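Colleague: Got a predicted model here, sequence first, then my questions.
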Protein chains: 2
Amino acid sequence: MKVNQHIKVAVDAVVFGYTGNELELLLIQQKYGSEKNKWALPGGFLKDEEDLQTGVARELNEETGVNPNYLEQLFTFGSINRDPRGRVISVSYMALINPKNYVLKAATDASDAKWFSIKELPPLAYDHPEIVKKGLERLKSKIHYQPIGFELLNKEFPFSDLEKLYQTILDKSIDRRNFRKKMLSFGVLEETDKSYKPSSGRPAKLFKFNKRKYNELEEKGFHFEIKFA
Amino acid sequence: MKVNQHIKVAVDAVVFGYTGNELELLLIQQKYGSEKNKWALPGGFLKDEEDLQTGVARELNEETGVNPNYLEQLFTFGSINRDPRGRVISVSYMALINPKNYVLKAATDASDAKWFSIKELPPLAYDHPEIVKKGLERLKSKIHYQPIGFELLNKEFPFSDLEKLYQTILDKSIDRRNFRKKMLSFGVLEETDKSYKPSSGRPAKLFKFNKRKYNELEEKGFHFEIKFA
DNA sequence: ACAAAAGTGTTTTACATACACCCATGG
DNA sequence: CCATGGGTGTATGTAAAACACTTTTGT
């Protein structure tokens, strides 16, 4: 195949985590190169014999040590001058993980990995601010119609965690009673027999998301959909 | 920039048109190459100094003569063996056009362009069936919450055209009164003083979509959203 | 007994749904 | 006057929104 093209293909990941109070973004620090010392999305060049998604997963693991079980393609960025090193298009992905499940690798291939509150991001390299924006938009819109929030929580969680998660991501307050009513009406949450003791106040039952049941319902035409005033 | 990568970047377009009865897809016939005589999505290799969207628009124009004013990125396909000629990733776009506005270029760079009913597609090259599927999904879901249907109609259209368009795309029937009520309630359709005479029956008022008004409303937090039983 | 967070129902309001007849024109 | 497609309103059902007090625990 003779095509005279000199474009490189990179993959980058917008990785969201939730700590109980804050929505966080996983970034790595560039130690070398033109954007030295700026922070950037984990990612890198795709290998010749590697699927896109395999590529992001590999880069993510190499650079930060995390292995998300939720990963979806976001958008492909290809402006001519988005990378000062040359023509690079970036296929971006969004990943959702629970930060508690990982200890970040401090430094692998010349980078340092760290969580940042989405509200206090450091200066980002390249067009990464734009990519993050796309990720946030996707996350905000998708939690309305897909049960992806659970990826950010512990397997078993008090209802209030779910509530706070939605409020944090959407940056608005939600009526607790209506939220709980709607959520439970889907029939995809299971009450466990465990409970969680908050630092003060009444203990809370722990719930878990029943993915099997969700898939069943979805096949029957059910749609997860939650909206707020 | 030393990156030992041998991946080519292509752009492909899923172009939908509507004729009044059918949803159609614009395809070109391959005259050369491994997929000779199969039909394929318009598209080709991206140039080194060209934005993604500019690239699809160029290819589209070269191969078919159309210049869509609605073009959105769909998804990037990058499976290792999607193209037998070598490693090629394809950034796909969806375009919406009104076929009446163009006469297809019969043959430019060794290809023939033609509209096909979405219900009777010929065998497609590469992984193009998958790309078309993605386009259709996007179109079907997006007409619910974005006023993109108008791109497929004449500037001024009888209400019944809009009705039929929705029914054709969604492949189900819709209550005429409820549809009209909801559509008009948004306040983004303007009645013109013209009317259209069908081959038989009562003449219909012509409407037009007021994009300016739509943008205004959208900035105020309005959301176009239309659902059906 | 107080502080802190969990848990719980009812009323009101708005929107979606279902549904059928008359109107204007051309032949 | 008949055939064809255009145009219209109301009643019912269902889900969203608004809203505040009681319960359980630790200190």
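Modeller: Structure's in. What do you need? Numbers count the residues shown, from 1 in each chain, chains lettered A, B, ... in the order given.

Colleague: hey, let's count contacts and neighbours off CA atoms from now on
Modeller: Noted.

Colleague: Quick one: name whatever helix or strand follows the worst-scoring helix or strand of chain A on mean pLDDT.
Modeller: Least confident helix or strand, chain A: strand A:111-117 with a mean of 93, by mean pLDDT, DSSP states H and E. Of the helices and strands lying after strand A:111-117 in sequence (DSSP states H and E), the nearest is helix A:128-145.

Colleague: tell me how far that following helix is from the chain's mean position?
Modeller: Centre-to-centre, helix A:128-145 and its host chain are 9 Å apart (Cα atoms, centre = their mean, to the nearest Å).

Colleague: what residues does chain A put near DNA strand C?
Modeller: Chain A comes close to DNA strand C at residues A:158-161, A:176-178, A:180, A:198-205, as judged by Cα under 7 Å from any atom of the strand.

Colleague: restrict these to those near chain B?
Modeller: Among these, none lies close to chain B by the criterion of Cα under 8 Å from any Cα of the partner chain.

Colleague: which strands and helices sit next to the least confident helix or strand of chain A?
Modeller: Of the remaining helices and strands, those touching strand A:111-117 by 3 or more Cα pairs under 8 Å, 6 or more residues apart in numbering or on different chains; DSSP states H and E are strand A:23-30, helix A:52-64.

Colleague: If I take it and strand A:23-30, what angle do their directions form?
Modeller: Here strand A:111-117 points in a direction 160 degrees away from that of strand A:23-30 (axes from the mean of the first three to the mean of the last three Cα atoms, to 10 degrees).

Colleague: what about strand A:111-117, distance to the chain center?
Modeller: Strand A:111-117 has its C-alpha centroid displaced from the chain centroid by 14 Å (Cα atoms, centre = their mean).

Colleague: outside of it, which residues touch it?
Modeller: With Cα atoms under 8 Å, 6 or more residues apart in numbering or on different chains as the test, strand A:111-117 has contacts from A:22-31, A:63-64, A:104-107.

Colleague: Where does pLDDT dip in chain A?
Modeller: Scanning chain A for pLDDT under 70 picks out the ranges A:106-110.

Colleague: Which parts of it are strands?
Modeller: Listed in chain order, the strands of chain A (DSSP state E) span A:8-18, A:23-30, A:39-40, A:43-45, A:70-77, A:88-97, A:111-117, A:156-158, A:189-196, A:204-209.

Colleague: can you tell me which of those strands comes nearest to B:H144?
Modeller: strand A:70-77 (20.7 Å; Cα to Cα).

Colleague: Can I get that closest one in PDB? Just the C-alpha atoms.
Modeller: Output of strand A:70-77 as PDB, limited to C-alpha atoms (Å, rounded to 0.1, in the frame of the first residue of the first chain):
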ATOM      1  CA  TYR A  70     -14.900   0.600  32.000                       C
ATOM      2  CA  LEU A  71     -13.400   2.100  28.900                       C
ATOM      3  CA  GLU A  72     -15.200   3.800  26.000                       C
ATOM      4  CA  GLN A  73     -14.100   5.700  23.000                       C
ATOM      5  CA  LEU A  74     -14.700   9.500  23.200                       C
ATOM      6  CA  PHE A  75     -13.600  11.300  20.100                       C
ATOM      7  CA  THR A  76     -10.700  11.600  17.800                       C
ATOM      8  CA  PHE A  77      -8.800  14.800  17.800                       C
END
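
Colleague: Relative to that strand, what are the paired strands and their orientations?
Modeller: strand A:88-97 (antiparallel) (DSSP bridges).

Colleague: Spit out the contact partners of the closest residue to A:F228 other than its chain neighbours.
Modeller: Computed as Cα to Cα, 6 or more residues apart in numbering or on different chains, the closest residue to A:F228 that is not its neighbour in sequence is A:I174, at 6.8 Å. Neighbouring residues of A:I174 by Cα under 8 Å, 6+ apart: A:163, A:167, A:228-229.

Colleague: Identify those among those residues that sit within helices.
Modeller: Among those, DSSP state H puts A:163, A:167 in helices.

Colleague: Any idea how many residues pack against whatever residue of chain A ends up closest to DNA strand C?
Modeller: In chain A, the residue that lies nearest DNA strand C is A:G201 (3.0 Å; Cα to the nearest atom of the strand). Neighbour count of A:G201, defined by other Cα atoms under 10 Å in any protein chain shown: 7.

Colleague: do the one 5 residues further on as well
Modeller: The number of residues packed near A:L206 is 19, by other Cα under 10 Å.

Colleague: In this structure it contacts A:F159, no?
Modeller: Yes - here A:L206 reaches A:F159: they are 7.1 Å apart, a contact under Cα atoms under 8 Å.

Colleague: Return the residues in contact with A:A95.
Modeller: Per Cα under 8 Å, 6+ apart, neighbours of A:A95: A:13-16, A:68-72.

Colleague: ok, the residue of chain A closest to DNA strand C to A:Y166 distance?
Modeller: 22 Å (Cα to Cα, to the nearest Å).

Colleague: ok so, going back, and the strands of chain A: which comes nearest B:T54?
Modeller: strand A:70-77 (12.8 Å).

Colleague: by how many degrees do the closest one and helix B:52-64 diverge?
Modeller: Using the same axes, to 10 degrees, strand A:70-77 lies at 70 degrees relative to helix B:52-64.

Colleague: orientation of strand A:70-77 relative to helix A:128-145 in degrees?
Modeller: Using the same axes, to 10 degrees: strand A:70-77 against helix A:128-145 is 130 degrees.

Colleague: How about residues contacting strand A:70-77?
Modeller: Contacts of strand A:70-77 (Cα under 8 Å, 6+ apart): A:53, A:89-97, A:131, A:134-135, A:138, A:151, B:73, B:75-76, B:91.

Colleague: change it to 6 Å
Modeller: Contacts of strand A:70-77 with the rest of the structure, by Cα atoms under 6 Å, 6 or more residues apart in numbering or on different chains, involve A:89-96.

Colleague: Including distance to DNA strand D, could those go into a markdown table?
Modeller: Listed next are the contacts of strand A:70-77 as a markdown table, based on distance: Cα to the nearest atom of the strand, whole Å:
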| residue | distance to DNA strand D |
| --- | --- |
| A:I89 | 40 |
| A:S90 | 37 |
| A:V91 | 35 |
| A:S92 | 32 |
| A:Y93 | 30 |
| A:M94 | 27 |
| A:A95 | 28 |
| A:L96 | 26 |
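
Colleague: can you redo the helices and strands packed on strand A:111-117 as JSON lines with distance to A:K211?
Modeller: Formatted as JSON lines, the helices and strands packed on strand A:111-117 follow (distance: least, Cα to Cα, whole Å):
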{"stretch": "strand A:23-30", "distance to A:K211": "23"}
{"stretch": "helix A:52-64", "distance to A:K211": "22"}
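
Colleague: out of these, nearest to B:K119?
Modeller: Of all the helices and strands packed on strand A:111-117, helix A:52-64 comes closest under Cα to Cα, at 30.7 Å.
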